[in-house]
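In: Quick one, fold the following:
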Amino acid sequence: MKKLINSLIVFYSLKFAKTITYMLQVSEYRPGKYLKWFWSTDDFSKVITRQQLVKTSKARAIVLGINLGIAIEILTGLVIMFLGANNKIIGGVYYGAALIIVYPIIWSQGIGLLVFMARVLLINPDEKKKIEASKKTFSKTKATKIAVLGSYGKTSMKELLLKVLSKSMNVSATPGNMNVAISHARFANKFTGNEEIVIIEFGEGAPGDIAKFANNTKPDIAIITGLSPAHLDKYKTLEAAAKDLFSISKYVSSKKVYVNLDSKETNKYVTEKEIGYSEEGALGFKVSEVSNSLKGISFTLSKGNKVLNVKSKLIGRHQIAPLSLVAALALQLGMKSADVEGALRETEAYEHRMAPRDLNGATIIDDTYNGNLEGVRAGTNLLKEVKARRKIYVTPGLVDQGKLNKQVHNEMGELITKANPDIVVLMKNSATNFIKEGLHKENFNGQLIIEDDPLHFYSNLASFTANGDVILMQNDWTDIYK
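Out: Residues are numbered from 1 along each chain as shown. A predicted model of the protein is given here:
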């Protein structure tokens, strides 16, 4: 009853338009995703908790449109009630009242229909036109085009390539997480003609995406950063995801597709067409003399008489493979050893991807962007290795795991236990019990905290930690996930 009352308060308040627009925004303006979330929500007062509405021009227009429409509907209802009360419309009082009462349903569903129609009639045709035009741009550029794809690690690899290659070449890369066809088209539209290297992140989300992106951009080189359960709501199986990723070999010349062999799943699908890179080295370079700490990682790369001293602010042994590949590839593309070494020294973690920061003497490792099982493996391995007064692991679990949801979260619990943290904090949701099963299976004997209010926890993190603690935070859930 309390949840119903809370929802009704939201429905008939000025918060209604903002709440609906927020749900649309988090759903990426996809009507099906939005409506599924709407009808699965039992307390609309708690829809906006983890984030806030980003007040873009589109969001402002929708909020204004909904409020204006509701005002017109309420005014119309009042007029009908008035006419009914004066016997000018039979039953007008009831019809007018009903019109006012049902406005939350009319506008919450109607806006989904309007967004759908806008996408079909306006957005999709416009995007198709821009994507077709971008094909010519990608074909005409003289730049070497590098595609970066995988279930995880794409943005980090892209930013690493950009940082290093920009040291001595004119390099352009897709910005942020803009990694779908229309993003590629907008990126291509900004080419100057002076690019020597173009780096394109492929954000696969459904079968056929990689082939579509490759056909549009025609890459010369491709890097598969890893394979792990992700987007299984669309791919259904890990095999389907692998098939999509490795389809890139049909569009890139033989021996120009580089695959991360530290990702155990990729090893099942590598053929003679692809070249592997790993913690052991890349493109003939061998790794030795590794030193790893919370301040960064360093190692030696050697190939015959060629020696590179690699130092980076990136943390974790899982960074050895990408650093090795980027270093070797940079040399292959014509960079000098001194420039490569200098550029690598400047590399650091991309935002929310194993990024360390100080908090009153404690070290926070922020790895909250788009979690996956291999990311958990890398993070827990790092936590196992570092020295700390207390080791604390924080997570809500992973999303879009499909039929593997229970299996993945059980394994996640096992990996966490093997890292031997003093405290584990789980954000309470549908994955919590599965993680707990994994913890219990490996006999976790530390302190387990189930947190009902993630926002409160993160906002008060300073009061939870002490000097010398290491806190690893992996993944975060948007409000759409339960």
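In: Next, the buried residues of stretch 204-224.
Out: Neighbour-count burial for stretch 204-224, with 16 or more other Cβ atoms under 10 Å as criterion, is recorded at 204, 207, 209-210, 212-214, 216-217, 219, 221-224. C-beta: built from backbone N, CA, C; applies to glycine.
In: Repeat that for stretch 405-413.
Out: Asn405, Val408, His409, Asn410, Glu411, Met412, Gly413.
In: quick one on the thing from earlier: tell me the one of the buried residues of stretch 204-224 nearest Val164?
Out: Ile223 (13.1 Å; Cβ to Cβ).
In: In three-state terms, label that closest one for me.
Out: strand (DSSP: H, G, I helix; E, B strand; the rest coil).
In: Isn't it up against Leu160?
Out: No. Using Cβ atoms under 8 Å, Ile223 is not in contact with Leu160, being 10.2 Å away.
In: number of nearby residues for the spatially closest residue to Thr465 that is not a sequence neighbour?
Out: Leaving out its chain neighbours, the residue that sits closest to Thr465 by Cβ to Cβ, 6 or more residues apart in numbering is Ala362, at 4.0 Å. Residues lying near Ala362 (other Cβ atoms under 10 Å) number 21.
In: Pop out the phi and psi values for Ala362.
Out: phi -90, psi 160 (degrees, to the nearest 10).
In: these two touch, right, it and Phe464?
Out: No. Judged on Cβ under 8 Å, Ala362 makes no contact with Phe464 at a distance of 9.1 Å.
In: so where does Gly276 fall, helix or strand?
Out: strand 274-278 (DSSP states H and E).
In: State the distance from Glu196 to Asn177.
Out: Computed as Cβ to Cβ, to the nearest Å, the Glu196 to Asn177 distance reads 24 Å.
In: So which bits of the longest helix along the chain are buried?
Out: For the chain, the longest helix by residue count, based on DSSP state H, is helix 57-85. Of all the residues in helix 57-85, those buried under the rule 16+ other Cβ under 10 Å are Ala59, Ile62, Val63, Ile66, Gly69, Ile70, Glu73, Gly77, Ile80, Met81, Leu83, Gly84.
In: what does stretch 9-20 give?
Out: Those would be Val10, Phe11, Lys15, Phe16, Ala17, Lys18, Thr19, Ile20, for stretch 9-20 by 16+ other Cβ under 10 Å.
In: could these go into CSV alongside secondary structure?
Out: Output for the buried residues of stretch 9-20, formatted as CSV (three-state DSSP):
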residue, secondary structure
Val10, helix
Phe11, helix
Lys15, helix
Phe16, helix
Ala17, helix
Lys18, helix
Thr19, helix
Ile20, helix
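In: The very next helix or strand once past the longest helix of the chain: how far from the chain's middle?
Out: Later in the chain than helix 57-85, the nearest helix or strand by DSSP H and E is helix 92-101. Helix 92-101 sits 45 Å away from the centroid of its parent chain (Cα atoms, centre = their mean, to the nearest Å).
In: Show me what helix 92-101 is packed against.
Out: On a contact count with 3 or more Cβ pairs under 8 Å, 6 or more residues apart in numbering; DSSP states H and E, helix 92-101 meets helix 57-85.
In: Report the inter-axis angle for the helix it packs on versus helix 92-101.
Out: Helix 57-85 runs at 170 degrees relative to helix 92-101, counting by axes from the mean of the first three to the mean of the last three Cα atoms, to 10 degrees.
In: Need the contact partners of the strand or helix carrying Gly32.
Out: Using DSSP H and E, Gly32 sits within helix 31-40. Around helix 31-40, the neighbours that count as contacts under Cβ atoms under 8 Å, 6 or more residues apart in numbering are 23-24, 26-27, 108-109, 112-113, 115-116, 119, 480, 482.
In: let's see 10 Å
Out: 19-20, 23-28, 30, 44, 47, 108-109, 111-120, 479-482 (Cβ atoms under 10 Å, 6 or more residues apart in numbering).
In: Can you flag the buried ones in these?
Out: By 16+ other Cβ under 10 Å, the contacts of helix 31-40 give 19-20, 23-27, 44, 47, 108, 111-112, 114-116, 479-481 as buried.
In: Compare Glu196 and Asn177 (neighbour count), which wins?
Out: Glu196 (17 against 14).
In: What segments of the stretch 101-250 of the chain are helices?
Out: 103-118, 124-140, 154-165, 181-188, 209-217, 232-235, 238-246 (DSSP state H, counting those that start in this stretch).
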